[in-house]
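>>> Next come a sequence and a model predicted from it.
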Amino acid sequence: MKTAISTLVVIVILALLAYAYTCSGYYDIGADVPHSPATYRFLSMARSRSIQHHAQSISVPNLDDQALILKGAGQYAAMCTECHLAPGMSHSELRAGLYPQPPVLGKEPIDPREAFWVIKHGIKLTAMPAWGVTHDDQTIWSIVAFVRKLLGMTPAQYKDIVAKAPPDEDMDMGHDKDDMHDGMHTQ
């Protein structure tokens, strides 16, 4: 019993010290100063587990639909390349200043459910926006469908598919998306 109380006291003291350290403002949150390895591992684990948990029940539509893939190509070219790059790109000015660095999409296979969830909801404390605020689920699935095709795509293939992408009527971000926000719209 004494050991349990001692352990609890140590945990409470450590938690209070961590809180005091955080409140002091001493921890540098600048994007040009990396987290400590332990902090980075913890945050990476929390991000990964959260995405897995929230995406597990998502139903995946047919992502092999060519019209969906073409629409996603245009969306990706317009909204994603500055951070996630594209075949033939090795850097961008915006990406250089981001921490943590966004993944370069097309290098590894993706889980479509997880990709959909991340694109729709974004990731806190990163530069990944919640595109579900301005884009409907069908548009987000088009991006997922296209990202799946990036694996092994050459720069010429990328350029060709983006050139064939349909024009995007939704690029005007001022349009009203009330019907897809499940009560998120404030009046």
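Received it, and whenever you're ready, just let me know what you need.
>>> Give me the contacts around the longest helix anywhere in the chain.
In the chain, taking DSSP state H as the definition, the longest helix is helix 2-24. With contacts defined as CB atoms under 8 Å, 6 or more residues apart in numbering, helix 2-24 is touched by Tyr27. (Glycine included, C-beta is placed from N, CA and C.)
>>> Same question for stretch 155-171.
Taking contacts as CB under 8 Å, 6+ apart, the residues outside stretch 155-171 that touch it are 69-71, 73-78, 86-88, 134-136, 139, 146, 149-150, 153.
>>> from these, which would you call buried?
Buried members of the contacts of stretch 155-171, scored by 16 or more other CB atoms under 10 Å, are 69-71, 73-77, 86-87, 134-135, 139, 146, 149-150, 153.
>>> Which helix or strand lies directly C-terminal to the longest helix of the chain?
On the C-terminal side of helix 2-24, the nearest following helix or strand under DSSP states H and E is helix 37-55.
>>> which is the next helix or strand following that following helix?
Toward the C-terminus, helix 37-55 is succeeded by helix 66-79 as the next helix or strand (DSSP H and E).
>>> export that next one as PDB, just CAs?
Extracted in PDB, the C-alpha atoms of helix 66-79 (Å, rounded to 0.1, in the frame of the first residue of the first chain):
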ATOM      1  CA  GLN A  66     -11.800   6.800 -63.700                       C
ATOM      2  CA  ALA A  67     -14.000   9.900 -63.400                       C
ATOM      3  CA  LEU A  68     -13.300   9.900 -59.700                       C
ATOM      4  CA  ILE A  69      -9.600   9.500 -60.200                       C
ATOM      5  CA  LEU A  70      -9.500  12.300 -62.800                       C
ATOM      6  CA  LYS A  71     -11.400  14.700 -60.500                       C
ATOM      7  CA  GLY A  72      -9.000  13.800 -57.700                       C
ATOM      8  CA  ALA A  73      -6.000  14.600 -60.000                       C
ATOM      9  CA  GLY A  74      -7.200  18.200 -60.400                       C
ATOM     10  CA  GLN A  75      -8.000  18.500 -56.700                       C
ATOM     11  CA  TYR A  76      -4.500  17.200 -55.700                       C
ATOM     12  CA  ALA A  77      -2.700  19.500 -58.200                       C
ATOM     13  CA  ALA A  78      -4.600  22.500 -56.800                       C
ATOM     14  CA  MET A  79      -4.500  21.800 -53.100                       C
END
